[in-house]
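**Student:** coordinates for the following, if possible.
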Amino acid sequence: MKFAAFNRHDAAAIENLYASNATLHSPDYPELVGNSKIADTYRWIFDAIPDAKDSIVTIENTANHVYVQFILSGHMKAAGNKPINVHIMSVYTIKDHLVTSDSTYYDRKAP
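**Tutor:** Numbers count the residues shown, from 1 in each chain. Below you'll find the model as predicted:
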């Protein structure tokens, strides 16, 4: 599962959960294409927030979509270890057991 891999800081495992042509849409990335580029964003997160952790609040799924509300917490290395607590909503489209689209929403101004 993606969130277990995230909490292990395992970008390679996350890469393997996405299709090779998967897309990621978020406030920071209007559209990234490709599982290796998506994995690179997680490598950046793990470097910027060395103690990053996701805590699932709710998770729902349908035939080919998964909806997850979660909280990203940790400390921003470049901001003097400032604590963060960001509420995030992600919508994943699944095909053949791989994520083909990830639309993630959050407030970039969150503390």
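
**Student:** name the helices or strands packed onto the helix or strand where Gly74 lies?
**Tutor:** Gly74 is part of strand 65-76 when elements are defined by DSSP states H and E. Strand 65-76 sits against strand 53-61, strand 82-95, with contacts defined as 3 or more Cβ pairs under 8 Å, 6 or more residues apart in numbering; DSSP states H and E. In this view, the C-beta of every residue, glycine as well, is placed from N, C-alpha and C.

**Student:** where does Asp51 fall, secondary structure wise?
**Tutor:** Counting by DSSP H and E, no helix or strand carries Asp51.

**Student:** where does this protein have low pLDDT?
**Tutor:** Counting by pLDDT under 70, the low-confidence segments of the chain come to 109-111.

**Student:** could I get the helices and strands packed on strand 65-76 as CSV with distance to Ile71?
**Tutor:** Conversion of the helices and strands packed on strand 65-76 to CSV gives the following (distance: least, Cβ to Cβ, whole Å):
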stretch, distance to Ile71
strand 53-61, 5
strand 82-95, 6
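
**Student:** could you dump these into CSV with distance to Leu17 and mean neighbour count added?
**Tutor:** As requested, these are exported to CSV (distance: least, Cβ to Cβ, whole Å; neighbours: other Cβ atoms under 10 Å):
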stretch, distance to Leu17, mean neighbour count
strand 53-61, 14, 12
strand 82-95, 9, 15
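
**Student:** and these: which comes nearest Met1?
**Tutor:** Each of the helices and strands packed on strand 65-76 has some distance to Met1 by Cβ to Cβ; the shortest is strand 53-61, at 9.6 Å.

**Student:** quick one: distance of that closest one to the chain centre.
**Tutor:** When C-alpha coordinates are averaged (Cα atoms, centre = their mean, to the nearest Å), strand 53-61 and its chain have centres 11 Å apart.

**Student:** please apply the same query to stretch 5-13.
**Tutor:** In terms of Cα atoms, centre = their mean, the centre of stretch 5-13 is found 10 Å from the chain centre.

**Student:** can I get it in CSV? Just the C-alpha atoms.
**Tutor:** Backbone C-alpha positions of stretch 5-13 (Å, rounded to 0.1, in the frame of the first residue of the first chain) are rendered in CSV as follows:
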residue,chain,number,x,y,z
ALA,A,5,5.6,2.7,1.6
PHE,A,6,5.4,6.5,2.2
ASN,A,7,5.9,6.0,6.0
ARG,A,8,8.9,3.8,5.3
HIS,A,9,10.2,6.5,2.9
ASP,A,10,10.4,3.9,0.2
ALA,A,11,10.2,5.8,-3.1
ALA,A,12,11.1,2.7,-5.1
ALA,A,13,8.0,0.9,-3.7
